[in-house]
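In: No letters, just coordinates:
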Ligand code: TYD
Ligand code: MG
């Protein structure tokens with residue numbers, strides 16, 4: 001587009017239209033389009049010097065000595081795929097007050113204490129506020145530079161002059177490029193600022209963290225292309241009033257994407273939780289009907305979680321089915337299997353299923369545990385508290401094998417569980433030293449019999 005004109009851009013998805021539209025033609029959101037000036041081509045070009053690179057044989061590509069720096073928080077390093085990669089761009093989203101600024105300031109502290117320069121650009125708070133926070137976190141290092149700035153040109157200049165190992169931009173929605181006419185936080189600004197910051201990070205070798213606000217729907221505000229530009233995208237989740245926070249990876253060019261990290265917000269900042277399984281099993285658990293422990297995989301790590309179910313007679317109308325932490329459709333399927341294959345009378349019952357601790361379990365390996373919990377609540381019979389359940393349940397009522405069984409069993413053994421009910425097909429490959437009694441089942445009915 002070489003002519004100066006206006007275009008209407010949806011602030012949710014980046015859809016463009018030459019005419020104003022009350023409803024976005026891309027995502028269907030109402031009243032989300034904002035007028036933006038199209039600058040003549042060339043005037044809005046990147047202020048980062050253009051570097052021309054020539055193709056070279058892959059064998060002669062030079063690697064920097066250590067491609068990644070450990071951040072000092074093991075939980076965080078694991079999420080990033082081993083540590084902070086030079087020149088990488090990480091986007092981190094989360095609701096206000098969840099702890100994004102705290103986490104990144106802590107990361108800056110560890111890295112600056114190792115002798116590397118870090119630059120913390122705060123667009124939302126003053127440097128004095130950042131200092132107050134840093135004092136709470138006992139961060140005192142001359143290598144940690146702070147600046148309160150929102151003008152992109154000055155930020156790029158600062159990065160050029162200080163050559164930091166790590167740059168934090170808190171937040172990308174506050175930064176603006178003066179050459180563009182749109183307001184900070186609009187699609188055009190966010191896209192251009194992120195693009196310029198990421199290119200300078202790549203050319204200087206600095207790692208860059210971009211903090212992103214989230215919309216009501218829980219996704220990072222601004223264009224979807226922001227997530228495409230970053231190498232790694234992390235979401236910080238958790239209840240504001242609970243002390244546990246979950247950092248979830250949704251994209252990672254350098255590591256696994258289903259990794260989660262669990263942190264606890266304390267008076268002196270975020271602390272990694274060493275024994276996450278313990279927090280997902282309710283404290284002082286009593287033997288009661290409607291509670292089962294399962295061993296599920298979160299990324300490369302096994303996590304023990306407690307599933308609870310309550311089955312109660314529906315008083316009037318349609319029975320209610322409410323689930324949290326597991327997939328609703330999966331639970332509906334399990335209810336149908338229990339009804340048809342085990343002949344449990346669930347038709348007139350309200351069913352509530354919940355995972356303790358607010359974690360989301362999406363893998364089929366949880367099926368057996370869910371089925372057992374529902375059956376236990378209906379029959380008012382408790383499941384032995386030292387037993388874990390792992391297995392997928394098929395429509396025929398058969399219990400099917402799942403992946404990474406040994407890791408799951410080892411975690412159960414480590415936490416003191418004595419027995420595991422697992423699919424027969426899985427039992428063959430398991431070495432004897434898992435230290436836990438295995439109960440092999442082929443059908444769901446065999447597992448239900450364990451309850452007596
Ligand atoms: P913050 O990092 O400012 O969140 P975000 O940048 O995602 O908006 O987190 C602020 C919350 O964390 C606030 O409610 C206070 C709390 N907090 C602690 O409990 N301990 C601490 O050491 C710090 C720095 C903050
Ligand atoms: Mg903040």
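Out: That came in fine, so what should we check first? A quick note: this is a predicted structure, and the numbers were derived from the prediction, not measured. Ligands and ions are numbered 1, 2, ... in the order given.
In: Give me the spatial nearest neighbour of residue 104, chain neighbours excluded.
Out: Nearest residue to residue 104, sequence neighbours excluded (Cβ to Cβ, 6 or more residues apart in numbering): residue 168, at 4.7 Å. Yep, even glycine has a C-beta here, placed from its N, CA and C like the rest.
In: Low-confidence bits of the chain, can you list those?
Out: Residue ranges of the chain with pLDDT under 70: 1-4, 39-51, 64-66, 218, 223, 239-241, 282-286, 452.
In: in its sheet, what does the longest strand along the chain sit against?
Out: Longest strand of the chain, by residue count under DSSP state E: strand 301-313. Here strand 301-313 has these sheet partners by DSSP bridges: strand 291-298 (antiparallel), strand 349-355 (antiparallel).
In: burial measure for residue 307, as a count.
Out: 25 (other Cβ atoms under 10 Å).
In: ok, what's across the strand from residue 354?
Out: residue 308, residue 324.
In: Can you tell me the element residue 234 falls in?
Out: For residue 234, the host element (DSSP states H and E) is strand 232-237.
In: Does anything pack onto that strand? Which helices or strands?
Out: strand 89-94, strand 244-252 (3 or more Cβ pairs under 8 Å, 6 or more residues apart in numbering; DSSP states H and E).
In: Residue 22 is in contact with residue 30, correct?
Out: Yes - when contacts are counted by Cβ atoms under 8 Å, residue 30 is listed as touching residue 22 (6.4 Å).
In: distance of the nearest residue to residue 31 once chain neighbours are set aside from ligand 1?
Out: In this structure, residue 31 finds its nearest non-sequential neighbour in residue 22, 6.4 Å apart by Cβ to Cβ, 6+ apart. Distance check for residue 22 against ligand 1: by Cβ to the nearest ligand atom, to the nearest Å, it reads 32 Å.
In: now swap in residue 204 and tell me
Out: In terms of Cβ to the nearest ligand atom, residue 204 sits 25 Å off from ligand 1.
In: before we move on, back to that, give me every residue that touches the residue nearest to residue 104.
Out: By Cβ atoms under 8 Å, 6 or more residues apart in numbering, the contact set of residue 168 is 104, 105, 107, 108, 118, 119, 120, 121, 208, 209, 211.
In: now these: which count as buried?
Out: Neighbour-count burial (16 or more other Cβ atoms under 10 Å) is assigned, among the contacts of residue 168, to 104, 105, 107, 108, 118, 119, 120, 121, 208, 209, 211.
In: Point out the residues in the chain that sit beside ligand 1.
Out: Counting by Cβ under 6 Å from any ligand atom, the chain comes close to ligand 1 at 94, 96-102, 133, 136-137, 265, 267-269.
In: Sort out for me which of those residues are in helices.
Out: Among the residues of the chain next to ligand 1, DSSP state H puts 100, 101, 102, 133, 136 in helices.
In: Let me see the domain layout of the protein.
Out: For the chain, automatic domain parsing gives the domain ranges 5-38, 68-274, 280-451.
In: so how far is the first residue of the longest one from its last?
Out: Right, the one you point to is domain 68-274. 23 Å (Cα to Cα, to the nearest Å).
In: Which positions in stretch 111-119 come out as buried?
Out: Buried positions in stretch 111-119, judged by neighbour count with 16+ other Cβ under 10 Å: 111, 112, 116, 117, 118, 119.
In: An error on my part: the question was meant for stretch 343-356.
Out: So, applying 16+ other Cβ under 10 Å, buried residues of stretch 343-356: 344, 346, 349, 350, 351, 352, 353, 354, 355, 356.
In: swap in stretch 275-294?
Out: 276, 277, 279, 280, 281, 289, 290, 291, 292, 293, 294.
In: So which residues of the protein form helices?
Out: 74-80, 100-113, 127-136, 152-162, 187-204, 225-229, 276-279, 328-341, 367-379, 405-414, 424-427, 444-449.
In: who's in contact with the closest residue to residue 134 other than its chain neighbours?
Out: Excluding the flanking residues, the one nearest residue 134 by Cβ to Cβ, 6+ apart is residue 105, at 6.1 Å. The contact partners of residue 105, by Cβ under 8 Å, 6+ apart, come to 120, 130, 133, 134, 137, 139, 168, 269.
In: can you check residue 138 too?
Out: Applying Cβ under 8 Å, 6+ apart to residue 138 gives the contacts residue 268.
In: With residue 362 instead?
Out: 326, 327.
In: phi, psi of it?
Out: phi -110, psi 0 (degrees, to the nearest 10).
In: Who is the residue nearest the centre of the chain paired with across the strands?
Out: With distances taken as Cα atoms, centre = their mean, residue 248 lies nearest the centre of the chain, 1.5 Å away. Beta-bridge partners for residue 248, by DSSP bridges, are residue 235, residue 260.
In: Touching, it and residue 232? I think so.
Out: No - at 11.6 Å, residue 248 and residue 232 do not qualify as touching, with contact defined as Cβ under 8 Å.
In: Can you tell me, leaving aside adjacent residues, what's nearest to residue 447?
Out: residue 441 (4.8 Å).
In: I'd like to know how many residues surround that neighbour.
Out: Neighbour tally, residue 441, other Cβ under 10 Å: 21.
In: before we move on, what about the one 3 residues further on?
Out: Using other Cβ under 10 Å, residue 444 has 25 neighbouring residues.
In: quick one, what contacts it?
Out: With Cβ under 8 Å, 6+ apart, residue 444 has these contacts: 337, 338, 341, 342, 368, 371, 393, 397, 398, 399.
In: would you list those in TSV and tack on distance to residue 84?
Out: Listed next are those as TSV, based on distance: Cβ to Cβ, whole Å:
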residue	distance to residue 84
337	46
338	48
341	51
342	51
368	39
371	43
393	42
397	49
398	46
399	43
